[in-house]
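>>> sequence and predicted structure below; questions after.
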Amino acid sequence: MENAIEVTNVAFAYTSSLVVQEVSFCVETGAVTAIIGPNGSGKTTLLKLLLGILKPQKGTISVFGKQPKEARNFIGYVPQKFSFDRTFPLTVWEFLKFSHFECPSQKIEEYLNFFGMAQAKTALVGSLSGGQLQRVLLVRAMIHDPKILYLDEPSAGIDVGGEQTFYELVDRLHKQYKNTIVMVSHELDVVFHFATQVICLNKKLLCEGAPRDVLTPELLEQIFGMGATLYHHASLR
Amino acid sequence: MAFMQRALLAGIAIGLILPFLGVFVSMRRMAFFGDGIAHASLAGIALGIVTGANPFWGALAVGIAFGIGVYALEHKTNLSSDVVIGVLFTSGLALGVVLMSFQHGYQPDLITFLFGNILAISQTDMLVIAGLAAVIFSVLFWYARHFTMIAFDRETAWTSGMNTELLNLLFYILLSVTIVLGVKLLGIILVSALLIIPAAIGKLLAPSFIGLVTLSIIAGEFAIGIGLLISYYLDIPSGSTIILTGSGMLILAVLGRSIVRKIL
């Protein structure tokens, strides 16, 4: 199968010390890839390199044969933190339409329905709960039919019930639209159940492969530096 | 009455663009930028007065240079925006004072630019203001959604395919030119009020972003129109009257909103 993403010997440093060191991997088209690692392991930095927000100081990244910056039409992105002035009167509809003005209104309606947010289109973005905001961000990421969907710790700041709904939606989304999904996550149980490929990072690439091969107690201890195990996530019970 | 017509036309033109930009300025919490440009433009005004050129063009050149300077220093150094603006703002003001020291005697042009005199707008001034305002309004209208998304979250705007750096520079230049146009009418000291007050009124009352822009512009136009009429009939300074009218409208909006919320 064709590779959606090819990362070759990529290195990046914000100041002098490298945050991402000589990382290479490929993501197959249609895969659900999870990037895991402890805090400060360079997960979000790697995602920003894949998105083209940051430029690697060494190595190359190819997204469907293009540089990440040129591949922005192919991608959808749900950030970990969406910091904005919640007091500002911007409706959900305006937010989505302003993000992708060329996108037909019918398509926006379709995705709002898919994510169960059709009733919220006249609501103000600042009035949404954490879970609702993440779903709106998912709609925003999907309305231009991206080939790749990037999720940066998508359930951070959502309560357990909201998390469950969120991951069910992501699963349904993948089954229906067959996008390639790359997500940064610290929830190993979610990764185990949803991902088809796991990339373990701690500045360097520690391991890569199918969840069953990678998420073993020995490798988890190597990655997280302690007796890490899979826990039974509420959304998967 | 011809001077009143010119004042009103120039006021309407400025009332379209200052509140429109004020919405984004308010979203991005960069009211200090407006003050900075206005005060730094004193250097250009002084240069014009000293060299015998039109102070307005000097102010415009310095205003644009200020906008580009802030953008460049924000991107090329690790200095924060308020520090960069603070340095350029005071440097421009200081340069203006030094230049003015070479010119002796009473300077009516300087007083006009400090406190504004909308009633002293010439035919040429009016045409320049109306022309530039039309261009700025068109650009703002076209790029409003881009500026909104960048103000909301720059990273996600970038991933949506927007050229955030170039758009940011464009925004700074538009803001700089608009502030300088406003300085001619309202003065260095008062101009940023018309950037902030209408947007604040809009934010209190609007149910959506389009409503916010519309209400801000309406509030700006009302403040200018009513302020001009009051200043004309009471024979009091026009710029200050416009700002006080806007402040009065803001108080009414706060009170009205509280009353409506209590009733509902």
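Noted; the coordinates are in hand.
>>> what does stretch B:245-256 rub up against?
Here stretch B:245-256 makes contact (C-beta atoms under 8 Å, 6 or more residues apart in numbering or on different chains) with B:193-194, B:197-198, B:200-201, B:204-205, B:219-220, B:222-223, B:226-227, B:230. Heads up, the C-betas are built off the backbone N, CA and C, glycines and all.
>>> any of these buried? List them.
Listed as buried from these are B:193-194, B:197-198, B:200-201, B:204-205, B:219-220, B:222-223, B:226-227; burial here means 16 or more other C-beta atoms under 10 Å in any protein chain shown.
>>> longest helix anywhere in the chain?
All of this is about chain A. As assigned by DSSP state H, the longest helix anywhere in chain A is helix A:160-177.
>>> actually, chain B is the one I wanted.
helix B:123-152.
>>> show me what it is packed against.
Under the contact criterion of 3 or more C-beta pairs under 8 Å, 6 or more residues apart in numbering or on different chains; DSSP states H and E, helix B:123-152 touches helix A:92-99, helix B:2-27, helix B:154-159, helix B:164-186.
>>> just want the angle from the last one to helix B:123-152.
Okay, so that is helix B:164-186. Helix B:164-186 runs at 140 degrees relative to helix B:123-152, counting by axes from the mean of the first three to the mean of the last three C-alpha atoms, to 10 degrees.
>>> quick one: whichever helix or strand comes after helix B:164-186 to helix B:164-186, angle?
As assigned by DSSP states H and E, the chain's next helix or strand after helix B:164-186 is helix B:191-205. Taking the same axes, to 10 degrees, one finds helix B:191-205 and helix B:164-186 inclined to each other by 110 degrees.
>>> now helix B:191-205: how far from the chain's centre is it?
11 Å (C-alpha atoms, centre = their mean, to the nearest Å).
>>> about what we covered before: the longest helix of chain A: which residues count as buried?
Buried, per 16+ other C-beta under 10 Å, within helix A:160-177: A:Gly162, A:Glu163, A:Gln164, A:Thr165, A:Phe166, A:Tyr167, A:Leu169, A:Val170, A:Leu173, A:His174.
>>> which one among these sits at the bottom for pLDDT?
Lowest pLDDT within those is found at A:Gly162 (69).
>>> which residues of chain A lie near chain B?
A:51, A:53, A:72-73, A:75, A:77, A:79, A:82-85, A:87-91, A:94-95, A:97-101, A:122, A:124, A:137, A:140 (C-beta under 8 Å from any C-beta of the partner chain).
>>> what do you get if the cut-off is 7 Å, keeping everything else the same?
When proximity is defined by C-beta under 7 Å from any C-beta of the partner chain, chain A lies next to chain B at A:51, A:53, A:72-73, A:75, A:77, A:79, A:82-85, A:88-91, A:94, A:98-101.
>>> indicate the residue of chain B located nearest to chain A.
Nearest residue of chain B to chain A, counting by C-beta to the nearest C-beta: B:Arg145, 3.8 Å away.
>>> ok, that residue to A:Glu94 distance?
In this view, B:Arg145 and A:Glu94 are 8 Å apart by C-beta to C-beta, to the nearest Å.
>>> repeat for A:His186
The span separating A:His186 from A:Glu94 equals 33 Å under the rule C-beta to C-beta.
>>> neighbour count for the two, which is higher?
A:Glu94 (21 against 17; other C-beta atoms under 10 Å in any protein chain shown).
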